[in-house]
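K.L.:
sequence plus the predicted model coming up.
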Amino acid sequence: MNRFWNLPLRTKVTSIYILANFLILIVNLFLIVGINNMSREIEMVYQDNRQLNEMSEALNSVQDNMTAYLNSKTSDSLEEYYRSDQIFDSMVQELNGDITDRTFDRMERNIKSMAASYLDTVRQTIEAKRGRNVEKYRVRYELATQQYNYISSYLTALNQVQFKNNSENYNEMASKFRTFEQIGMLVVFVVVAGNVLIIISLVKRIMKPLGDLATTAEYVAEGNFDARMVEVDSKDEVGVVTDAFNKMIISIKDYIEKLRQSMEAERELKEKELTMEAHLKDAQLKYLQAQINPHFLFNTLNAGAQLAMMEGADRTYEYVQTVADFFRYNVKKQDMPVTIADEVNLVDNYIRILNVRFSGDIHYEKNVDEKLLNTMMPSMILQPIVENCVNHGIREMGDKGVIWLKVFRQDNEVCISIKDNGKGMSAETIENIMNGTLSVDRKKGDSNGIGMDNVIARTRIFTGDDESVKIISEGEDRGTEIIIFLPIDE
Amino acid sequence: MDDKKRKEQLNIDEKRSDKTRGNGLLIASVVLTIITMILVLVFYQSYMKSFREDNNVNKYDQYYVMISSDRKSEFMQNVYKGAFEAGLKNGIYVDLLGDDLPGEYTKYDLMRIAIDSGVDGIIIDADESAQMTQLLAEAARENIPVVTLLDDNTQGVRCSYVGIGGYDIGREYGVQVADIIKTLRREYFMTAEDAKEEDIATIDVAVLVNSFEPSTGQNIIISGIRETIEQTEQTGSKANVMLVPVDNSNAFSVEESIRDLFINGDVPRIIVCLDELSTVCVYQAVIDYNVVGEVNILGYYDSDTIINAINRGAVYCTVSVDTAQLGEYCVSALEEYNDFGATSQYFTADVTLINRSNVSSYIRKEEQNE
């Protein structure tokens, strides 16, 4: 059986076809042989009657030829007589001599004996005629004629009995023939039904792996790589394809697993980096916090301011107060969005402090649309930009350095422009700043520790727009303008 | 959709378990088909075989034939039945010759046919004719033993005679005749006003005899009747026994002859019938001519008709012959002859007289036998 399943698909299908046809062929042959046999039997039913008729004719022929010879004594008639005698004798020999219950058997037996006796008498008659023994052949002839009549009527009677019996046989046979016909039909139906079952079963068996393969393939096609393997138990074409499919699934699964592992590794690496950065920031903050206790600083500065006021030094008082406000803002508002007004105020304070430090060298011009001052923005944006302008733009210009701050509306955006007339920047530097690739030593100088990269990143995150910060410089010594675009919240 | 796919996927596993079932179905189908074909083939073979061979055919070693000119009568049929059954027990088939032949043949024809057929034995209801004697001689030449039944051919060569004790039957009839005469005499003396011995008429006793075949059997019966009446006449009965010939030359002549007896007017008071057919014919004539009670019929054989007639009083008495015994004797005589070359020359079957006094017990006995 297993050998069959391992055959090629074409051979299997052909074998099934041949098997089915073979079974039907056998049934048909069997029916044809059966029907032939039966019809032959039926043909033979009246064979006995035909034989008896022939026998009657032969008997008549013997009697006629004998009479003819007795009449004419021609050698022709004698020859005829001998011939008919032989024919009749051979027929008589074939008769059945058994004594049985059946009337026709006993009649046949009697006919056989009587015919023998008759032929004997006829022979004696002919002999007597040839010997010209007139008296003897006359007596013999009469006896022969009497016997002839008896045999004739016996043959007629037997014919009748046989006919009756054969008619019964015929009827019985005809009914059996019909029964056989019905049984034949039944057998044909049973065999055809069996064939159909066999074909269905075999084809189902052959096609099943293909169906399984199709189902699994569809399942896999939808991205379910956890599909079960299709079982292969035949080595035909379907078996080969299924095997290949199974191997393919395993390969794909392996590949996906590897991909997943490498992505996982990358993700872990990035997470690590971020955590490192956060830790660093945290450390920096803690460092700064450790350096100054802001409350102590504010209280100290306030005390200084009050002292200056009591001594009547109004400008000192104002300065110290400004410094105090500046640092308070720095501490308070770092992680919350603030209004533009707050930020502008901080820039004002910052410039004021610097101008005290640098004896009013920095010219600061402010052009602000008051209506936009309540627009929200991230804190600590404008002051670091101004600090950059001062430190990198106009520090070395003495009292010629100017910083312009403008807040205005352009279309649906609030534009905050901070411009200086300082050293300017090269396009390369601008590019580097915008990409965040310019390395800056933050600890250097007297900044508040917030670099341009931080400002740009936070602004971009706040607005959700990479184009929200723009740096414009027309080249060396031609100044720099930094514009921030904020969405108007209406 | 996804669920459906998953289910189908799971089904693949379930289908796997169907595989063994599928194999089973395939093998079962093939086996079933083959078994059906084999069964039908076997059935067909036995069917045809049973048709070709007739299972109920028995073969016999010997073949005897029985010939009678009166073979269709119930009497002869019963004798044949007895012979047939006795034959079967010993592997002999006994045929009643002539039954299957078209046309009617005389017993001489049938005898010739039997001789030509080379049978193993012949039982014949013979007669004393020369033709019969000649045929018997011919049979003897062919070594075919012949038993004469009821009627003998004393001149012929036969191995045995089987019949009824004719003289005994004659005596029985004679006693019955005497009884009837006594009854009539008593009635005469009791009813006549002036009864004289001389006036008592002699009562006619008509004995119906076959005119065509001279029969020794009948002669013996008649002499038995005569002797008995002569003996009883000494006690005063007067009877005139006369032989009335009945033409039995052809099929219907018996009945016609008997009718003639009644038409002629002088109907005898007592009619003795010596065979079944004439008994029935006389009985019917007595009824038709309205002479029941006037004519006393002494019948022959115990057919249902005759027994019923006795029961009703239309027939005075009859003799019952053990027919089966007759047939049995015929077969055993032939068998003995074939086996040993000789047998007893003379067999007689038992005879019983039935009249009104014992008819009812006879009927009861017959019913029990049936």
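P.N.:
Noted; the coordinates are in hand. Numbers count the residues shown, from 1 in each chain, chains lettered A, B, ... in the order given.
K.L.:
show me where pLDDT drops low in the chain?
P.N.:
Going with chain A. Counting by pLDDT under 70, chain A shows low-confidence ranges at A:1-2, A:283-294, A:331, A:333-335, A:438-450, A:489-490.
K.L.:
other chain: chain B
P.N.:
Low-confidence segments of chain B (pLDDT under 70): B:1-23, B:25-26, B:50-55, B:195-199, B:213-216, B:233-237, B:251.
K.L.:
all helices for the stretch 1-150 of chain B, in order.
P.N.:
B:2-52, B:74-89, B:107-116, B:130-141 (DSSP state H, counting those that start in this stretch).
K.L.:
one more: the stretch 51-200 of chain A?
P.N.:
Here the stretch 51-200 of chain A has its helices, by DSSP H, counting those that start in this stretch, at A:75-94, A:103-130, A:134-221.
K.L.:
okay, now residue 78: neighbour count?
P.N.:
As the question left the chain open, I've gone with chain A. 18 (other C-beta atoms under 10 Å in any protein chain shown). Where you see a C-beta, it was placed from the backbone N, CA and C, and this is true even at glycine.
K.L.:
nope, chain B please
P.N.:
By other C-beta under 10 Å, 19 other residues sit near residue B:78.
K.L.:
which residue ranges form the strands in chain A?
P.N.:
Per DSSP state E, chain A carries strands over the ranges A:99-100, A:338-339, A:363-368, A:376-377, A:402-410, A:413-420, A:469-473, A:480-487.
K.L.:
and the fifth one, what does it pack onto?
P.N.:
Read that as strand A:402-410. Counting contacts by 3 or more C-beta pairs under 8 Å, 6 or more residues apart in numbering or on different chains; DSSP states H and E, strand A:402-410 packs against helix A:340-357, strand A:363-368, helix A:382-388, strand A:413-420.
K.L.:
can I get these in CSV with distance to chain B?
P.N.:
Below are those laid out as CSV (distance: least, C-beta to the nearest C-beta, whole Å):
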stretch, distance to chain B
helix A:340-357, 54
strand A:363-368, 61
helix A:382-388, 54
strand A:413-420, 48
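K.L.:
tell me which of those is the most buried.
P.N.:
Greatest average neighbour count among the helices and strands packed on strand A:402-410 goes to helix A:382-388 (a mean of 23), per mean count of other C-beta atoms under 10 Å in any protein chain shown.
K.L.:
which residues are contacting that one?
P.N.:
A:343-344, A:346-347, A:350-351, A:403, A:405, A:416, A:418, A:447-448, A:450-452, A:454-455, A:482, A:484 (C-beta atoms under 8 Å, 6 or more residues apart in numbering or on different chains).
K.L.:
which segments of chain B make up each domain?
P.N.:
B:62-164+B:324-349, B:166-322+B:351-369 (automatic domain parsing).
K.L.:
what do you get for chain A?
P.N.:
What automatic domain parsing lists as the domains of chain A is A:2-212, A:292-332, A:337-487.
K.L.:
show me where the stretch 201-350 of chain B has helices.
P.N.:
B:216-233, B:253-263, B:276-288, B:304-312, B:323-340.
K.L.:
of all these, which one is nearest chain A?
P.N.:
helix B:323-340 (14.3 Å; C-beta to the nearest C-beta).
K.L.:
now do the closest one: which elements does it pack against?
P.N.:
With contacts taken as 3+ C-beta pairs under 8 Å, 6+ apart, helix B:323-340 sits against strand B:62-67, helix B:74-89, strand B:92-96, strand B:121-124, strand B:146-149, strand B:160-164, strand B:346-349.
K.L.:
okay, these in JSON lines with distance to chain A next?
P.N.:
Formatted as JSON lines, the helices and strands packed on helix B:323-340 follow (distance: least, C-beta to the nearest C-beta, whole Å):
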{"stretch": "strand B:62-67", "distance to chain A": "5"}
{"stretch": "helix B:74-89", "distance to chain A": "10"}
{"stretch": "strand B:92-96", "distance to chain A": "5"}
{"stretch": "strand B:121-124", "distance to chain A": "12"}
{"stretch": "strand B:146-149", "distance to chain A": "17"}
{"stretch": "strand B:160-164", "distance to chain A": "22"}
{"stretch": "strand B:346-349", "distance to chain A": "25"}
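K.L.:
can I get those in CSV including distance to residue A:465?
P.N.:
Conversion of the helices and strands packed on helix B:323-340 to CSV gives the following (distance: least, C-beta to C-beta, whole Å):
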stretch, distance to residue A:465
strand B:62-67, 136
helix B:74-89, 132
strand B:92-96, 133
strand B:121-124, 143
strand B:146-149, 148
strand B:160-164, 150
strand B:346-349, 149
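K.L.:
leaving out chain neighbours, which residue sits closest to residue B:74?
P.N.:
Spatial nearest neighbour of residue B:74, chain neighbours left out: residue B:303 (4.8 Å); criterion: C-beta to C-beta, 6 or more residues apart in numbering or on different chains.
K.L.:
any idea how far the one you found lies from residue B:78?
P.N.:
9 Å (C-beta to C-beta, to the nearest Å).
K.L.:
how many residues are close by residue A:373?
P.N.:
That count, for residue A:373 with other C-beta under 10 Å as the rule, works out to 16.
K.L.:
residue contacts, it?
P.N.:
Per C-beta under 8 Å, 6+ apart, neighbours of residue A:373: A:339-341, A:344, A:407.
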